[in-house]
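Chemist: I need the structure of the sequence given here:
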Amino acid sequence: MTNAKDEIEQLRKTLWYHSDRYYNQDAPEIDDYEYDMLMQKLKSLEAQHPEYYSPASPTQKVGGVADNSFEHVVHSVRMESLLDAFSTAELYDFERRVCEKIQNPVYCVEPKIDGLSVSLEYENGVFVRGSTRGNGDVGEDVSANIKVIHNVPLKLKQDIPFLEVRGEVYMPKKSFLKVVDSQIINGEQPFKNPRNAAAGSLRQKDSRIAASRGLDIFVFNVQRIEGRELNSHKQSLDFLKELGFNTIPSYKQVASMAEAIDEIEKIGESRGELEFDIDGAVIKIDDFDVRALLGSTAKYPKWAVAFKYPPEEKETVITDIEIAVGRTGVLTPTAILQSVQLAGTTVSRATLHNQDFITDKGIGIGDSVIVRKAGDIIPEVLSVSRHSASEIFKFPATCPGCGSTVVREEGEAAIRCINPDCPAQLLRNLIHFCSRDAMDIEGLGSAVLETFVQNSLIKKTEDIYRLTAEKIEAKQLAGFKEKSISNIITSIEKSKENDLWQLVFALGIRHIGAKAGKLLASHFKDMDSIINATVGDILQIDGFGEVMAQSVSDFFANPKSLELIESLKKDGVNMKCLSAAVDDRLAGKTFVLTGTLPTLKRAEASKLIEDFGGKTSSGVSKKTSYVLAGEEAGSKLDKARSLGVEIISEEEFLEMIK
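Modeler: Numbers count the residues shown, from 1 in each chain. Next up is the predicted model:
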């Protein structure tokens, strides 16, 4: 039998693993409720066995760490976590502890937004920095991505000498569903919930991606302020509204815990109607002097508690299972359910992920199942409550879109159709082919492509280059006027001049993104050389592994792929690398950029490095050749010094390529 010490150690190990997946990788493997229950179990065991106390336990620390790919920010006011409560009894326990120090406490109750906690700093009313919580003491500088969030004021309505506020960056439900739809179309792994979508978007190195994700923010706390005295939480939130902040909604001041619990119940009842995701409600002491008196533990403030809502679960019946085919050929199963009300909406479909998921849970058509909404948005099947007489569902042996035999490659959960002419994949392939980082054909967005496919203007990829104004006009499609048709044809013609790497990426080769496309194009110089390359030849490219090399080789070994390339050649699509290095004097050299350069933007510096055969990296390591540093260079500079990596200025860099 496992003893208490072993169980505590195992729980700590498990929680740290899931904490890393949640906070640092934005890729959780269990839902919040399961995590919270594991944490509660660990707290209970540690309380029963104080002899096994450890300051390194996840009960004592915030789970995040600062990512080395961003500049680090040391928080002058610690960004604390909150004590969780799962019952009204725990809320009254919180009140009892508070009343040991003060009488008749006044509380403020507000929703607990499920997003990524950030700090915003302002000097003389102007935004100067935004950072993530990280581990509470040290976070990441994500100012560029914070700036593109619509509701973050870059200039306040009053010139406060200094202000630091805390807020929660979140992704509205509509934005989340749009992002997930796009990921599914492109054959990408979709975000599990809005919180991870928000965190993943805020940590993008390219702020244009963050801007495209529809992020938003609620501000809920004053961390530091100069030039104005504030005495209570409600007063501070009212003041932040005056300054132009989007403050936490429906905050309410109450005079007792009973009133606070009533307010928590009201917030809980409205969850399904909100445009954002919440996972609880927060009760805070309103008076700032009382907060200072109560203080904090090593992890939590003693003046606040978060009540966590349990996930709503319902039983229903699977009436059918549909199989859809994604852009990369992956077959995705969806359960068709007897309609059930869940988290404020009617649910009739739920994701089943893959064959392994179905087999592990023993799911079959006709089974009664327990469903819930992951992050209160995407319905998922949790378990089978009653089996019917049917067998466990098995994927079809052939593609439902084209009838080709499907395959499951070793080490993969996905089952896929590998026929490049599969009509079920056509629209998704076309959308990818025409997208910005691929052939960048303006005017051929998803809606237009769907219309053209439905009207038989495009039956396969190469038909894009056979479109004419006359063919489109002949279909007499609503909304397609002479000017818009002309613009489409012009954009198609322009795309023929694109660089080779764009075409390589547009082809949708598995495991080959835009960066890998650039490496292939610059290494082999033309399409024929890529086609004729062996796996061994491709492995000579720095950054390519066995899986990527084999994927390229397999793609061009397919006769259908070669037919497509030949057709594109005949239609005048460029097949040569246009962005080859000016020379290769920086070949084999890896650069890390940090700080603000005097004249070059980072993108310009990165392109120059690539033009001369070098490459860039986001993190400093022993393999780094140079750190190109400008003003306000941060932790990367310190790490370079500690590793003995050579640090150069912009002037020295320009001398290298002179």
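Chemist: give the other helices and strands that the helix or strand encompassing Lys241 contacts.
Modeler: Secondary structure from DSSP states H and E places Lys241 in helix 233-243. If contacts are counted by 3 or more Cβ pairs under 8 Å, 6 or more residues apart in numbering; DSSP states H and E, helix 233-243 sits against strand 107-113, strand 216-226. All C-beta spots, glycine's among them, are computed from the backbone N, C-alpha and C.
Chemist: could I get the buried residue list for the last one?
Modeler: Under the neighbour-count criterion of 16 or more other Cβ atoms under 10 Å, strand 216-226 has Asp216, Ile217, Phe218, Val219, Phe220, Asn221, Val222, Gln223, Ile225 buried.
Chemist: again with stretch 279-296
Modeler: Buried residues in stretch 279-296, counted by 16+ other Cβ under 10 Å: 279-288, 290-291, 294.
Chemist: same thing with stretch 263-272?
Modeler: Buried residues in stretch 263-272, counted by 16+ other Cβ under 10 Å: Glu263, Ile264, Ile267, Gly268, Arg271.
Chemist: Ala197 - that's part of a helix, no?
Modeler: Yes: assessed with DSSP: H, G, I helix; E, B strand; the rest coil, Ala197 lies in a helix.
Chemist: how about whichever helix in the chain runs longest, which residues are buried there?
Modeler: Using DSSP state H, we find that the single longest helix of the chain is helix 4-23. Residues Glu7, Ile8, Leu11, Arg12, Leu15, His18, Ser19, Arg21, Tyr22, Tyr23 are the ones in helix 4-23 that count as buried (16+ other Cβ under 10 Å).
Chemist: the helices and strands packed on helix 233-243: which one's closest to Ser649?
Modeler: Set against Ser649 and scored by Cβ to Cβ, the helices and strands packed on helix 233-243 come closest in strand 216-226, at 34.4 Å.
Chemist: so the closest one versus helix 233-243, what angle?
Modeler: 110 degrees (axes from the mean of the first three to the mean of the last three Cα atoms, to 10 degrees).
Chemist: avg pLDDT for strand 216-226?
Modeler: For strand 216-226, mean pLDDT is 96.
Chemist: and the residue most central in space within the chain, how far from Phe86?
Modeler: For the chain, the residue nearest the mean C-alpha position is Gly200 (2.8 Å; Cα atoms, centre = their mean). From Gly200 over to Phe86 the distance is 28 Å, taken as Cβ to Cβ, to the nearest Å.
Chemist: okay, Ile184: pLDDT?
Modeler: In this model, Ile184 carries a pLDDT of 70.
Chemist: for it, what are its contacts?
Modeler: Pro190, Gly326, Thr332 (Cβ atoms under 8 Å, 6 or more residues apart in numbering).
Chemist: the residues you listed in strands, which ones?
Modeler: Residues of the contacts of Ile184 located in strands (DSSP state E): Thr332.
Chemist: of the contacts of Ile184, just say which sits nearest to Leu562.
Modeler: Proximity to Leu562 was ranked across those by Cβ to Cβ; first place goes to Gly326, at 23.6 Å.
Chemist: quick one: low-confidence residue ranges for the stretch 51-200 of the chain.
Modeler: For the stretch 51-200 of the chain, applying pLDDT under 70 flags the ranges 61-69, 185-188.
Chemist: where exactly do the helices run in it?
Modeler: Assigned by DSSP state H, counting those that start in this stretch, the stretch 51-200 of the chain shows helices spanning 88-99, 143-147, 173-185, 194-202.
Chemist: deepest of the ones you listed, which one?
Modeler: Ranked by mean neighbour count, the helices of the stretch 51-200 of the chain are led by helix 194-202 with a mean of 25 (mean count of other Cβ atoms under 10 Å).
Chemist: what inclination does that helix have with respect to helix 173-185?
Modeler: Helix 194-202 and helix 173-185 are oriented at 70 degrees to each other (the same axes, to 10 degrees).
Chemist: how much distance is there from the helix or strand following helix 194-202 to the middle of the chain?
Modeler: Sequence-wise, the next helix or strand downstream of helix 194-202 (DSSP H and E) is helix 207-212. For helix 207-212, the distance from its own C-alpha centre to the chain's C-alpha centre is 11 Å (Cα atoms, centre = their mean, to the nearest Å).
Chemist: which parts of helix 207-212 are buried?
Modeler: Neighbour-count burial for helix 207-212 flags Ser207, Ala210, Ala211, Ser212 (criterion: 16+ other Cβ under 10 Å).
Chemist: so which of the residues you listed is the closest to Lys308?
Modeler: For the buried residues of helix 207-212, the minimum distance to Lys308 (Cβ to Cβ) is 28.2 Å, reached by Ala210.
Chemist: isn't the closest one up against Asn145?
Modeler: Yes: between Ala210 and Asn145 a contact is recorded at 4.0 Å, counting by Cβ atoms under 8 Å.
Chemist: list residues touching both of those two?
Modeler: Ser201, Leu202, Gln204.
Chemist: which residue in the residues you listed has the weakest pLDDT?
Modeler: For these, the pLDDT minimum is Gln204, 83.
Chemist: was I right to think it contacts Ser212?
Modeler: No: the criterion here is Cβ under 8 Å, and Gln204 misses it with Ser212 at 9.5 Å.
Chemist: and the strands in the stretch 501-650 of the chain, which stretches?
Modeler: Per DSSP state E, counting those that start in this stretch, the stretch 501-650 of the chain carries strands over the ranges 590-594, 615-617, 626-629, 646-648.
Chemist: among those strands, which is nearest Lys636?
Modeler: Closest to Lys636 of the strands of the stretch 501-650 of the chain is strand 590-594 (Cβ to Cβ; 4.1 Å).
Chemist: would you mark the buried spots in the closest one?
Modeler: For strand 590-594, a neighbour-count test (16+ other Cβ under 10 Å) marks Thr590, Phe591, Val592, Leu593, Thr594 as buried.
Chemist: below-threshold pLDDT in the stretch 551-658 of the chain: ranges please.
Modeler: 580-583.
Chemist: report how many residues lie close to the closest residue in space to Glu651 that isn't next to it in sequence.
Modeler: Leaving aside its sequence neighbours, Glu651 sits nearest to Pro598 (Cβ to Cβ, 6 or more residues apart in numbering; 8.0 Å). For Pro598, the count of nearby residues is 9 (other Cβ atoms under 10 Å).
Chemist: thinking Pro598 is in contact with Leu654, fair?
Modeler: No: using Cβ under 8 Å, Pro598 makes no contact with Leu654, being 10.1 Å away.
Chemist: quick check: which ranges of the stretch 351-500 of the chain have low pLDDT?
Modeler: Ranges of the stretch 351-500 of the chain meeting pLDDT under 70: 374-377, 389, 420.
Chemist: for it, which segments count as strands?
Modeler: With DSSP E, counting those that start in this stretch as the criterion, the stretch 351-500 of the chain has strands spanning 368-374, 378-386, 406-407, 416-417.
Chemist: just checking: what are the partner strands of the third one?
Modeler: Paired with strand 406-407 in the same sheet, following DSSP bridges, are strand 416-417 (antiparallel).
Chemist: now do the partner strand: everything it contacts.
Modeler: Counting by Cβ under 8 Å, 6+ apart, 325, 328-331, 399, 401-402, 404, 406-409, 424-425 sit against strand 416-417.
Chemist: likewise stretch 38-45?
Modeler: In contact with stretch 38-45 (Cβ under 8 Å, 6+ apart) are residues 4, 7-8, 11-12, 14-15, 18, 57-59, 84, 86.
Chemist: CSV for those, including distance to Glu632?
Modeler: Shown next, in CSV, are the contacts of stretch 38-45 (distance: Cβ to Cβ, whole Å):
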residue, distance to Glu632
Ala4, 50
Glu7, 48
Ile8, 44
Leu11, 42
Arg12, 38
Thr14, 40
Leu15, 36
His18, 35
Ser57, 36
Pro58, 34
Thr59, 37
Asp84, 38
Phe86, 44
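Chemist: about what we covered before: any idea which of the strands of the stretch 351-500 of the chain is most buried?
Modeler: strand 416-417 (a mean of 22).
Chemist: I figured Gly139 hits Ser119, correct?
Modeler: Yes: using Cβ under 8 Å, Gly139 makes contact with Ser119 at a distance of 7.0 Å.
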